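K.L.:
I'll drop the sequence and a predicted model, then ask my questions.
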Amino acid sequence: MPSHTTGRSRERTPPLARGSGRPGGSTALTDTIDVEAQEARAAFVLKRAADLETAGDVPLALTYFRQVIKVYPRTPSARTAAVRIKALSGEDPGSARPR
């Protein structure tokens, strides 16, 4: 038996909510998931930076700490990275951000 399509998709996706970029809009739950996912990735990079610092590769560790702040600025890991940057180099990481 031949399959017949009408040219219309059978699946319908909800329209994107204005400005959210997500089907159905943004909710507190999805925002929380986004923050948790970002923190998980930031924590991974932060751990690598700390391992490099412990191993004595401070210049590379500073690069990783700065990356955490640049890519994940609103995470707890970014605040920790800022403290480590200040301790290792004496610079204020907030003043190093591009404007």
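P.N.:
Right, received. Where do you want to start?

K.L.:
any idea which helix is longest in this structure?
P.N.:
In the chain, taking DSSP state H as the definition, the longest helix is helix 28-55.

K.L.:
what's the distance between the closest residue in space to V58 that isn't next to it in sequence and R74?
P.N.:
For V58, ignoring the flanking residues on the chain, the nearest one in space by CB to CB, 6 or more residues apart in numbering is L88 at 5.8 Å. Placement of C-beta: from N, CA and C, glycine included. Here L88 is placed at a distance of 22 Å from R74 (CB to CB, to the nearest Å).

K.L.:
hmm, back to that, what does the helix or strand following the longest helix of the chain contact?
P.N.:
For helix 28-55, the following helix or strand on the C-terminal side (DSSP states H and E) is helix 58-71. Residues external to helix 58-71 that are found in contact with it (CB atoms under 8 Å, 6 or more residues apart in numbering): 42, 45-46, 48-50, 52-53, 75, 77-78, 81-82, 84-85, 88-89, 93, 96-97.
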